[in-house]
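> need coordinates for the below:
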Amino acid sequence: MSTTQALPREFKSSDLSRSSAEVFAAATEHPVTVTRRDGETLVMMTDSEDRARRELLDLAAQLIAIATDTKGTLTERMSEVFPWMFALSPQGRDDCAQAVLQAARASFSTKQPHLAVAELTSWKETATALAAGLRSDPVEWLDDDEPVERP
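Predicted coordinates for the structure are as follows:
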């Protein structure tokens with residue numbers, strides 16, 4: 001939204017009937033609370049926000065299982081939970097394990113689920129690309145003024 005004024009994060013239940021467009025607009029930007037006189041306060045958010053929170057909780061459960069296991073190294077335990085990591089080099093698996101844990105800590109402490117989910121997805125996509133045979137072969141760059149022959 002391109003307004004200069006921040007949208008409110010809290011509304012009264014009567015705002016839903018009086019100015020529902022404003023409530024819905026705010027809920028598309030960030031989760032909002034709707035207070036009720038006769039019941040518990042509700043939270044309204046987009047489906048994608050809810051999905052991101054659920055993905056982060058799933059990741060948290062997996063990381064707790066990894067952290068509490070005592071068999072093997074951290075990288076070995078993570079590779080068992082995320083078998084796609086075996087497509088990475090041994091150093092890549094170590095880097096992945098550390099990066100995912102750091103991103104998860106940042107997500108938990110800042111309440112920004114996308115940080116950990118994006119990091120995990122990025123590593124998984126890298127592993128998928130490597131498994132498909134895509135490698136970082138050296139690239140031969142052409143000069144800007146050099147003509148390119150037709151194949």
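> alpha carbons of the least confident helix or strand in the chain by mean pLDDT, as PDB, please.
Within the chain, no helix or strand scores below helix 13-18, which has a mean of 88 by mean pLDDT, DSSP states H and E. C-alpha atoms of helix 13-18 as PDB (Å, rounded to 0.1, in the frame of the first residue of the first chain):
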ATOM      1  CA  SER A  13     -15.500  -5.400  16.300                       C
ATOM      2  CA  SER A  14     -17.900  -2.600  15.300                       C
ATOM      3  CA  ASP A  15     -15.300  -1.400  12.700                       C
ATOM      4  CA  LEU A  16     -15.900  -4.600  10.700                       C
ATOM      5  CA  SER A  17     -19.400  -3.400   9.900                       C
ATOM      6  CA  ARG A  18     -18.700   0.400   9.700                       C
END
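> identify all contacting residues around that helix.
Glu22, Val23, Val34, Thr35, Arg36, Arg37 (C-beta atoms under 8 Å, 6 or more residues apart in numbering). C-betas here are computed from N, CA, C, even on glycine.
> what is the neighbour count of the third one?
Val34 sits with 17 neighbouring residues when counted by other C-beta atoms under 10 Å.
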